[in-house]
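*Asks:* Okay, here's the prediction I keep looking at, along with the sequence it came from:
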Amino acid sequence: MQQDVPSVVSGLAPFRRAALVAGVAGAVALIAGGLADRAQFFQSYLLGFLYWLGIGAGSLAILMIYHLTGGAWGAIIRRVLEAATRTLPLLALLFVPLVFGLHDLYHWTHTDEMMADAVLRRKTAYLNVPFFLARAAAYFVVWSALALLLNRWSRRQDERADPALIDRMRKLSGGGILLWGLATTFASFDWIMSLDPHWFSTIFGVLVAGGWGLSTLAFAIVSMRMLSRRGLVGDIFRPSYVNDLGSLLFAFVMLWAYIAVSQLIIVWSGNLPEEIPWYLTRLDRGWQWVALLLVLGHFVLPFLLLLSRDLKRRHGMLAWVAGGVVLARLLDLFWLVGPELHGGPGLAVHWLDVAAPLAVGGLWLALFARLLAGRPLLPPGEPELASAGSH
């Protein structure tokens, strides 16, 4: 059904080297740009960091959903999800540079401005640097602890097919998905929503969490296509299993669109002076074209394509759609954070906005490929795969 670990290591070696070269090249460009423009460095770096964090932390959520629900769809992509969750320590390390750029990113770190603003003055108990950093540490502790336990028990399951381990992972996932949701919601408040400290939305955490889940599924589909083309997972991709992954991708596209439109309708109908400017900025001065691209590329096109049952049963075609979603997710994040970060009279794209995702992504993908090659790509102790192999 799959090749042994040494064959996987050699099969992924070219990809790992290419990712590392891209990451180093991006990092050199990012540092050079940072020496010329410190503020732009941190603004672009935040974009790159948040994008790849969405896949790393989002993989943890999809993995726990799988442990709760079961199904061959999750067994097939389980190793991709587990490898992605094991990159969370690297992502925690990559968060550290942002600590030195808080003053360049977040207006609420400017004490004089906070004290002079009656609205912001009431938020100082929450929006202050020590509490901000303590919360960030707590988020990574929650995510990393859940990932550590699930991966440890998964390794034991490879060694012996013990039903107790399956039950243990399921029970942990039941409470873990709630902890993940809380951590992700408050992280989205802290790292994205507080870029405009006057604005708030109670549904924003759900929007970010849904986007992370969508990023993860699309990335997993593309990853498994790459592994399949390299002959590393055998003929596991039966049309019915590919169809399940396509249907899940379709569901998450719908979920993201529903939440995004719901937030827009609520804010627009409320028409409150502390809420509506956030959308007015993103629907004017050039940003409306980014919004239009999101509507078309993030929803309309994948929605229409994924309506096709034939497409969802063909792994190659589904991977192309998923690849488009992966790119659309970066555009969505840029639309969320760009207006606050770049400011100015209208839409602006800096070359560091490309270098930063490349730098963080190259390093992240290199580690991901190394971790992925460290275990069998199809878990031998997974009962769902026995069903998959019998059909």
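*Replies:* That came through, no problem.
*Asks:* quick one, strands of the stretch 251-391 of the chain?
*Replies:* According to DSSP state E, counting those that start in this stretch, the stretch 251-391 of the chain carries no segments that qualify as strands.
*Asks:* show me what contacts the closest residue to residue 105 other than its chain neighbours?
*Replies:* Using C-beta to C-beta, 6 or more residues apart in numbering and skipping residues adjacent in sequence, the residue nearest residue 105 is residue 42, 5.5 Å away. The way it works is simple: take the backbone N, C-alpha and C, and place the C-beta from them, glycine included. Shown here is residue 42, whose contacts under the criterion C-beta atoms under 8 Å, 6 or more residues apart in numbering are 34, 97-98, 100-101, 104-105.
*Asks:* and the two most separated of these?
*Replies:* Farthest apart among these by C-beta to C-beta are 34 and 105. That separation is 13.4 Å.
*Asks:* Find me the pLDDT at residue 241, would you?
*Replies:* The model reports residue 241 with a pLDDT of 85.
*Asks:* Tell me the spatial nearest neighbour of it, not counting adjacent residues.
*Replies:* Taking C-beta to C-beta, 6+ apart, and ignoring the residues beside it in sequence, residue 241 has residue 72 as its nearest neighbour in space, at 5.1 Å.
*Asks:* tell me the phi and psi of the one you found?
*Replies:* phi -70, psi -30 (degrees, to the nearest 10).
*Asks:* what do you get for residue 377?
*Replies:* The phi and psi values for residue 377, taken as degrees, to the nearest 10, are phi -70, psi -20.
*Asks:* Same question for residue 199.
*Replies:* With angles defined as degrees, to the nearest 10, residue 199 shows backbone torsions of phi -90, psi 150.
*Asks:* just to revisit the earlier point, just the element for the residue nearest to residue 105, please.
*Replies:* helix 38-69 (DSSP states H and E).
*Asks:* Return the set of buried residues in that helix.
*Replies:* 40-68 (16 or more other C-beta atoms under 10 Å).
*Asks:* before we move on, the earlier item: inside helices: which ones of the contacts of residue 42?
*Replies:* Judged by DSSP state H, helices contain the following of the contacts of residue 42: 34, 97-98, 104-105.
*Asks:* Return the per-residue confidence for the residue lying closest to residue 289 once chain neighbours are set aside.
*Replies:* When the adjacent residues along the chain are set aside, residue 289 lies closest to residue 347, with 7.2 Å between them (C-beta to C-beta, 6+ apart). The predicted structure scores residue 347 at 91 on the pLDDT scale.
*Asks:* Out of the contacts of residue 42, flag the one nearest to residue 363.
*Replies:* Distance from residue 363 was checked for each of those by C-beta to C-beta. The minimum falls on residue 97, at 12.4 Å.
*Asks:* tell me the contacts of the residue lying closest to that closest one once chain neighbours are set aside?
*Replies:* In space, and not counting its chain neighbours, residue 97 is closest to residue 45: 6.2 Å by C-beta to C-beta, 6+ apart. For residue 45, the contact set (C-beta under 8 Å, 6+ apart) comprises 30, 34, 97-98, 101, 356, 360.
*Asks:* Tell me the spacing between residue 45 and residue 368.
*Replies:* If you measure residue 45 against residue 368 using C-beta to C-beta, to the nearest Å, the figure is 19 Å.
*Asks:* do residue 92 as well
*Replies:* In this structure, residue 92 and residue 368 are 15 Å apart, going by C-beta to C-beta.
*Asks:* Who has more neighbours out of the two?
*Replies:* residue 368 (27 against 18; other C-beta atoms under 10 Å).
*Asks:* What average pLDDT does the helix holding residue 42 get?
*Replies:* For helix 38-69, the mean pLDDT works out to 96.
*Asks:* low-confidence ranges in this structure?
*Replies:* Applying pLDDT under 70 to the chain picks out residues 1-7, 234-235, 344, 386-391.
*Asks:* Repeat the analysis, applying 80 as the threshold.
*Replies:* Confidence mapping of the chain against pLDDT under 80 gives the ranges 1-10, 161, 233-238, 343-345, 381-391.
*Asks:* I'd like to know which elements the helix or strand in which residue 152 is found is packed against.
*Replies:* With elements delineated by DSSP H and E, residue 152 resides in helix 129-159, which encompasses its position. Helix 129-159 sits against helix 38-69, helix 72-85, helix 88-99, helix 163-191, with contacts defined as 3 or more C-beta pairs under 8 Å, 6 or more residues apart in numbering; DSSP states H and E.
*Asks:* From residue 91, how far out is the residue nearest to residue 97?
*Replies:* As judged by C-beta to C-beta, residue 45 and residue 91 stand 13 Å apart.
*Asks:* check contacts around the nearest residue to residue 50 once chain neighbours are set aside.
*Replies:* Once flanking residues are discounted, residue 50 sits nearest to residue 333: 5.9 Å by C-beta to C-beta, 6+ apart. For residue 333, the residues meeting the contact criterion (C-beta under 8 Å, 6+ apart) are 47, 50-51, 54, 211.
*Asks:* again, but for residue 143
*Replies:* With C-beta under 8 Å, 6+ apart, residue 143 has these contacts: 57, 60, 85, 88, 180, 183.
*Asks:* Can you name the two of those that sit furthest apart?
*Replies:* Greatest spatial distance among these (C-beta to C-beta): 85 and 183, at 13.5 Å.
*Asks:* Among those two, which residue is more densely surrounded?
*Replies:* Just comparing residue 85 and residue 183: by other C-beta under 10 Å the higher neighbour count belongs to residue 85, 26 against 22.
*Asks:* In this structure that one contacts residue 147, no?
*Replies:* Yes. Using C-beta atoms under 8 Å, residue 85 makes contact with residue 147 at a distance of 3.8 Å.
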